[in-house]
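> Predicted coordinates and the sequence they were generated for:
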Amino acid sequence: MLDTVSQTGGIDALMQDIGARAKAASRPLAMASTDAKNRALNAMADAIVAATPEILAANAADLKATEGSAMLPSFVDRLTLSEKRIADMAEGIRAIAAFQDPVGDIIAEWDRPNGLHIERVRTPLGVIGVIYESRPNVTADAGALCLKAGNAVILRGGSDSAQSSRAIHACLQRGLKQAGLPEDAIQLVPTTDRAAVGAMLSGLNGAIDVIVPRGGKSLVGRVQSEARVPVFAHLEGLCHVYVDASGDLDMALKIVVNAKMRRTGVCGAAETLLIDRAVAATHLKPLIEALQKAGCEIRASADVLALLPGLKPATEEDWRTEYLDAVISVALVDGVTGAIAHIDRYSSHHTEAVIAEDPEVVERFFREIDSAILLHNASTQFADGGEFGMGGEIGIATGKMHARGPVGVEQLTSFKYRVRGTGQTRP
């Protein structure tokens with residue numbers, strides 16, 4: 001089908017049809033009962049577990065296709081599935097099923113002096129387009145989260161994970177069918193042609209209400225520049241860890257290594273380490289050695305090089321780079337004031353962490369840094385919807401409109417006002 005679509009130039013017709021079917025499915029889905037949605041989600045999880053051999057076989061085919069390519073190890077890690085990762089995927093869906101249904105939730109209510117009673121109530125967004133690369137688990141996460149929030153979703157995965165995504169998507173559709181919900185509620189674009197992305201960015205003739213990109217800088221940049229519908233996005237995860245003079249060194253060693261090296265390819269991985277100049281003599285060398293022992297390459301500022309010659313010098317571009325690899329840039333700063341200034345200049349406003357015991361330092365860090373997620377004495381790798389208790393996420397939004405931080409079920413809703421009166425008219 002992929003070749004046929006490309007040869008006939010039928011991408012636009014294909015995508016318009018997908019959009020129309022998603023729009024039609026969104027109406028009954030918005031009114032679906034919590035029980036029906038939860039039955040579908042649990043059936044999806046069961047289907048994924050049962051299809052583990054098929055999903056692993058599809059993933060092996062995707063991985064084989066990358067052999068000989070220039071794909072970074074971190075991207076190969078994102079692409080790779082295992083029995084444990086598949087089991088975790090299913091458990092993530094079950095966790096979403098256990099969440100309170102946000103649809104119909106009364107966010108706020110109040111009475112006016114004229115007797116009107118006003119309620120602000122959560123409603124589904126409608127149809128969500130999700131465009132992603134490498135991570136086949138996004139197929140399950142996005143499908144489940146959108147369903148729980150009462151939204152239809154159009155999924156467009158990357159060519160590198162196409163076979164894995166198809167195997168997972170088949171399980172999601174089995175769950176929808178078993179619960180009696182429209183199978184068009186979760187659709188996977190059946191072509192890897194880039195024209196399909198352009199069609200989604202156009203909004204598919206009003207069918208798509210919001211786009212969520214999840215991938216590299218080039219993909220997200222394209223989405224943000226071309227989309228004709230609202231976008232929940234982060235351009236990149238340029239995350240910082242600041243070690244203050246008041247920070248405990250043993251704690252800092254554990255947190256810094258985890259923040260960088262637990263998984264280097266996730267958007268919450270630390271890319272820059274800032275160390276208070278006041279403790280350079282005691283903290284710098286142990287932190288550098290711990291990172292090197294874990295297999296991390298260091299890119300050092302001039303003042304770090306002056307104390308520890310032999311490291312690779314950092315360039316101006318290093319401070320602006322999301323490595324997504326076992327590389328970190330390191331600089332000395334003049335206390336929390338210097339850390340805030342550096343982060344303000346270079347951060348992508350994703351996630352920043354401070355390691356400190358001085359409450360005034362922590363308060364300044366939290367108050368003055370304008371990033372979506374701020375952590376105190378904890379690893380930046382906690383920048384994840386599952387770790388926030390959201391059961392999963394479609395991504396981390398760094399914008400300031402509607403959704404910010406992990407995009408979970410609540411962030412995939414809008415709201416409407418219900419006004420109840422007793423015959424009032426406006427004078």
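That came in fine, so what should we check first?
> For Leu155, grab the count of nearby residues.
Look at Leu155: counted by other Cβ atoms under 10 Å, it has 23 neighbours. Glycine gets a C-beta too; all of them are placed from N, C-alpha and C.
> Might one say that it is in contact with Asp141?
No. Shown here, Leu155 and Asp141 do not form a contact pair, counting by Cβ atoms under 8 Å, at 10.3 Å.
> Now do the longest helix belonging to the chain, average pLDDT.
Across the chain, the helix with the greatest residue count (assigned by DSSP state H) is helix 11-30. Looking at helix 11-30 alone, the average pLDDT works out to 96.
> does Gln187 sit in a helix, a strand or a coil?
Three-state call for Gln187 (DSSP: H, G, I helix; E, B strand; the rest coil): strand.
> So what pairs up with it in the strands?
Counting by DSSP bridges, Gln187 is bridged to Ile154.
> Next, count neighbours for the residue lying closest to Ala270 once chain neighbours are set aside.
Spatial nearest neighbour of Ala270, excluding adjacent residues (Cβ to Cβ, 6 or more residues apart in numbering): Ala259 at 3.8 Å. When neighbours are defined as other Cβ under 10 Å, Ala259 has 27 of them.
> residues in contact with Ala259?
Going by Cβ atoms under 8 Å, 6 or more residues apart in numbering, Ala259 touches Cys239, Val241, Ala269, Ala270, Ala353, Ser379, Thr380, Gln381.
> show me the contacts for the closest residue to Val153 other than its chain neighbours.
What sits nearest to Val153 in space, not counting adjacent residues and going by Cβ to Cβ, 6+ apart, is Cys146, at 3.8 Å. By Cβ under 8 Å, 6+ apart, the residues touching Cys146 are Ile128, Val130, Ala152, Val153, Ile186, Ile394, Leu412.
> on that earlier part again, just the contacts of Ala259: which are in helices?
With DSSP H as the criterion, helices contain none of the contacts of Ala259.
> now for those residues, which pair is the farthest apart?
Ala269 and Ala353 (11.6 Å; Cβ to Cβ).
> Overlap in contacts, these two.
In contact with both Ala269 and Ala353: Cys239, Ala259, Thr380, using Cβ under 8 Å, 6+ apart.
> mind giving me JSON lines with those residues and columns for pLDDT and distance to Glu83?
Shown next, in JSON lines, are the shared contacts of Ala269 and Ala353 (pLDDT from 0 to 100; distance: Cβ to Cβ, whole Å):
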{"residue": "Cys239", "pLDDT": "97", "distance to Glu83": "30"}
{"residue": "Ala259", "pLDDT": "98", "distance to Glu83": "27"}
{"residue": "Thr380", "pLDDT": "97", "distance to Glu83": "28"}
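> and those residues as TSV, adding distance to Gly423?
Below are the shared contacts of Ala269 and Ala353 laid out as TSV (distance: Cβ to Cβ, whole Å):
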residue	distance to Gly423
Cys239	56
Ala259	60
Thr380	56
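> from the residues you listed, which ones fall inside strands?
With strands taken from DSSP state E, the overlap with the shared contacts of Ala269 and Ala353 comprises Cys239.
> now, among the shared contacts of Ala269 and Ala353, which is nearest to Arg320?
Among the shared contacts of Ala269 and Ala353, Cys239 lies closest to Arg320 (Cβ to Cβ), at 12.8 Å.
> Against Lys260, how distant is that closest one?
9 Å (Cβ to Cβ, to the nearest Å).
> what is in contact with those two at once?
With Cβ under 8 Å, 6+ apart as the test, Cys239 and Lys260 both reach Ala269, Ala270.
> Which residue ranges of the stretch 201-350 of the chain form strands?
For the stretch 201-350 of the chain, the strands defined by DSSP state E, counting those that start in this stretch occupy 210-214, 239-243, 270-276, 297-300, 312-313, 327-333.
> Can you flag the weakest of these by average pLDDT?
Sorting the strands of the stretch 201-350 of the chain by mean pLDDT places strand 210-214 lowest, at a mean of 91.
> Contacts for that strand, please.
Residues external to strand 210-214 that are found in contact with it (Cβ under 8 Å, 6+ apart): 125-126, 128-133, 135, 138, 142, 200-201, 219-220, 223-224, 227, 229-233, 394-395, 407.
> how about the strands of the stretch 1-150 of the chain, start to end?
106-111, 117-124, 127-132.
> Which stretch among the ones you listed approaches Ala65 most closely?
Using Cβ to Cβ, the strands of the stretch 1-150 of the chain put strand 127-132 closest to Ala65, at 17.4 Å.
> about what we covered before: now, among the contacts of Ala259, which is nearest to Met31?
Gln381 (38.6 Å).
> possible to save the strands of the stretch 201-350 of the chain as a markdown table with mean neighbour count and distance to Thr66?
Formatted as a markdown table, these follow (neighbours: other Cβ atoms under 10 Å; distance: least, Cβ to Cβ, whole Å):
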| stretch | mean neighbour count | distance to Thr66 |
| --- | --- | --- |
| strand 210-214 | 26 | 19 |
| strand 239-243 | 27 | 26 |
| strand 270-276 | 27 | 24 |
| strand 297-300 | 20 | 23 |
| strand 312-313 | 12 | 28 |
| strand 327-333 | 23 | 21 |
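> now those in a markdown table, with distance to Val76?
A markdown table is the format used below for the strands of the stretch 201-350 of the chain (distance: least, Cβ to Cβ, whole Å):
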| stretch | distance to Val76 |
| --- | --- |
| strand 210-214 | 17 |
| strand 239-243 | 21 |
| strand 270-276 | 19 |
| strand 297-300 | 18 |
| strand 312-313 | 24 |
| strand 327-333 | 16 |
